[in-house]
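Colleague: model this:
(one chain, ligands or ions: 3)
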Amino acid sequence: MNKTENTAPTPEVKKAIREIRINPIVPTESVLVATARSMRPKKEETPAPHDARVRVDTCPFCRGNEDKTPAPVAVIPQEGEWQIRIVENMFPVLGDDRENPSFAFGLQQAIDGYGRHEVIIDNPSHGIRIHEMTDSHLAMLLAAYRNRMDQLYHSNDRLKYVLVFKNFGPAAGASIGHTHSQIIAMPVVPRNVQAEVRQSALFYENTHQCIFCNLIDEALTFEATLYDRESGALKRKINVGQFVIEKSKKFIAVKPFASRYEWEVHILPLVHSADFLSATDQDLADLAGLFKRTMARLNVLLGGVQYNFFIHSVPHGAEYGGNANSFHWHIEICPRTSIPTGFEMGSGLSVNTIAPEDAAERLRKVSLEDKSDWETEKR
Ligand SMILES: [Zn+2]
Ligand SMILES: [Zn+2]
Ligand SMILES: [Zn+2]
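Modeller: Numbering: from 1, shown residues only. Ligands and ions are numbered 1, 2, ... in the order given. Down below sits the predicted model:
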């Protein structure tokens, strides 16, 4: 028996939430939201100091060191000084250099590690962070993701999914200090993407609606009032707009109701679209602004943010052709502020120690008025 359970509740404990929230899209995934300090079974990640250097002589991704990387698969723009370079990963986790046969022995099966693993050098400036890049550069980067994904999907039928992601900061697994993203084209559709695709298709089968669109509508419904059925008296007012962090003309950034990570934020197009590849340059220009402001909010609030983000888009291939109405592409941003423990790994239950609605409120309240705090081009 925990000793703290016998003491009088402090104001924090009174307000504390302890509930298991079911992920509305993938109900088999749930999150324990436990906000009282005494209930935190997590270790906090130590923030890493930010390396703001513009150029590092020994860095293979800095301008002037182009000969230290494999030959680029894309250089953007094609003429003049490069702004973005895509190169093959020197230590690919998947490769197309040899054809390994698949093997199966009893219940133990393997699919060969066929695929492509590439690095996108996001920006010539070594230590620049997403929220410090110009809107136009960010739009160019998002277009580079889209165009390279498109090329890879069309390069080989064996590639079933193309995942774009970014690790930023040592806690997020970034091994090279220079800002970069990665693309992995793989011979299988990752399990989490499959789960989202299947579950949203099931919802569509039952309702003829996209579950992601429904969640956006819920997020944009500012207030719901519940009345008592008999007396008609006001029972409860729910502020359901509490999960919205940013909204632009075409995109919305929301804090998921069942967030696995304390500061997790998802970005979705407001108008239904299953495939990131169908985003136009105008869409991406609008997304760039919203993405940048969202990252700035996280950075201000966390005093430097280490994170992973990745894009979930409908897989290509004939068996996914029927998912255009039910799936909705999105970006998941997962800031790393704590280290998962045995409880999380063993239970498969994520533990979130900050109520998502409180996290959303704090993110919304971050003032971005004084742009000198977070905008670059002054370096
Ligand atoms: Zn560098
Ligand atoms: Zn939708
Ligand atoms: Zn997703």
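Colleague: Where do the strands of the stretch 151-300 of the chain begin and end?
Modeller: For the stretch 151-300 of the chain, strands defined by DSSP state E, counting those that start in this stretch occupy the ranges 161-168, 180-186, 224-227, 234-238, 244-247, 251-254, 265-269.
Colleague: Using CSV, lay out the ones you listed together with mean neighbour count.
Modeller: In this view, the C-beta of every residue, glycine as well, is placed from N, C-alpha and C. Putting these into CSV (neighbours: other CB atoms under 10 Å) gives the following:
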stretch, mean neighbour count
strand 161-168, 22
strand 180-186, 22
strand 224-227, 10
strand 234-238, 10
strand 244-247, 20
strand 251-254, 24
strand 265-269, 23
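Colleague: can you tell me which of those strands the model trusts least?
Modeller: Lowest mean pLDDT within the strands of the stretch 151-300 of the chain: strand 234-238, at a mean of 78.
Colleague: Now do it: distance to the chain's middle.
Modeller: 33 Å (CA atoms, centre = their mean, to the nearest Å).
Colleague: Using CSV, write out the CA atom coordinates for it.
Modeller: The C-alpha coordinates for strand 234-238 follow below in CSV (Å, rounded to 0.1, in the frame of the first residue of the first chain):
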residue,chain,number,x,y,z
LEU,A,234,-28.5,22.2,-17.3
LYS,A,235,-26.4,19.1,-16.5
ARG,A,236,-22.9,19.8,-17.8
LYS,A,237,-21.1,22.1,-20.2
ILE,A,238,-18.3,20.5,-22.0
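Colleague: Can you tell me what sits against it?
Modeller: With CB atoms under 8 Å, 6 or more residues apart in numbering as the test, strand 234-238 has contacts from Glu223, Ala224, Thr225, Leu226, Tyr227, Asp228.
Colleague: Of those residues, just say which sits nearest to ligand 2.
Modeller: When the contacts of strand 234-238 are compared for distance to ligand 2 (CB to the ion), Ala224 wins out at 21.0 Å.
Colleague: how about the nearest residue to the closest one, chain neighbours excluded?
Modeller: Spatial nearest neighbour of Ala224, chain neighbours left out: Ile238 (4.6 Å); criterion: CB to CB, 6 or more residues apart in numbering.
Colleague: Bridging across strands, which residues link to the one residue sitting closest to the centre of the chain?
Modeller: For the chain, Glu332 is the residue whose C-alpha lies nearest the centre (CA atoms, centre = their mean; 2.1 Å). Bridge pairing for Glu332 (DSSP bridges) gives the partners His266, Phe310.
Colleague: so what's it up against?
Modeller: With CB under 8 Å, 6+ apart, Glu332 has these contacts: Glu264, His266, Phe309, Phe310, His312.
Colleague: The same query, at a cut-off of 10 Å, please.
Modeller: 165, 192, 256, 260-261, 264-267, 308-312 (CB atoms under 10 Å, 6 or more residues apart in numbering).
Colleague: can you map out the helices along the stretch 101-250 of the chain?
Modeller: Taking DSSP state H, counting those that start in this stretch, the helices of the stretch 101-250 of the chain run over residues 135-155, 191-207, 211-220.
Colleague: Would you agree Glu246 is in contact with Thr294?
Modeller: Yes. Using CB atoms under 10 Å as the test, Glu246 is close enough to Thr294 to be in contact (5.3 Å).
Colleague: what do these two both touch?
Modeller: In contact with both Glu246 and Thr294: Ala253, Val265, Ile267, Leu363, using CB under 10 Å, 6+ apart.
Colleague: Dihedrals phi and psi, Glu264?
Modeller: With angles defined as degrees, to the nearest 10, Glu264 sits at phi -60, psi 140.
Colleague: helix or strand for the residue lying closest to it once chain neighbours are set aside, which one?
Modeller: Spatial nearest neighbour of Glu264, chain neighbours left out: Cys334 (5.2 Å); criterion: CB to CB, 6+ apart. Using DSSP states H and E, Cys334 sits in strand 330-335.
Colleague: Could you check the angle that strand makes with strand 161-168?
Modeller: With axes from the mean of the first three to the mean of the last three CA atoms, to 10 degrees defining the directions, strand 330-335 sits at 30 degrees from strand 161-168.
Colleague: so what does the next helix or strand after strand 330-335 touch, helix or strand wise?
Modeller: Proceeding N to C from strand 330-335, the next assigned helix or strand is strand 338-339, under DSSP H and E. Judged by 3 or more CB pairs under 10 Å, 6 or more residues apart in numbering; DSSP states H and E, the packing partners of strand 338-339 are strand 43-44.
Colleague: Tell me the strands beside the strand it packs on, with direction?
Modeller: Strand pairing for strand 43-44, using DSSP bridges, gives strand 338-339 (antiparallel).
Colleague: coming back round to it: so which of the strands of the stretch 151-300 of the chain comes closest to ligand 1?
Modeller: Per CB to the ion, nearest to ligand 1 of the strands of the stretch 151-300 of the chain: strand 180-186, 8.9 Å.
Colleague: Is the closest one positioned near ligand 1?
Modeller: No. Using CB under 5 Å from the ion, strand 180-186 never reaches ligand 1; the gap is at least 8.9 Å.
Colleague: how far is that strand from where the chain is centred?
Modeller: On CA atoms, centre = their mean, the centre of strand 180-186 falls 14 Å from the chain's centre.
Colleague: same question, stretch 206-223
Modeller: Remark: stretch 206-223 is offset 20 Å from the chain centroid, using CA atoms, centre = their mean.
Colleague: Now do that stretch: distance from first to last residue.
Modeller: Distance across stretch 206-223, first residue to last, is 26 Å (CA to CA, to the nearest Å).
Colleague: Is ligand 2 within reach of that stretch?
Modeller: Yes. Interface with ligand 2: stretch 206-223 contributes Cys210, Phe212, Cys213 (CB under 5 Å from the ion).
Colleague: Okay then, goodbye and thanks.
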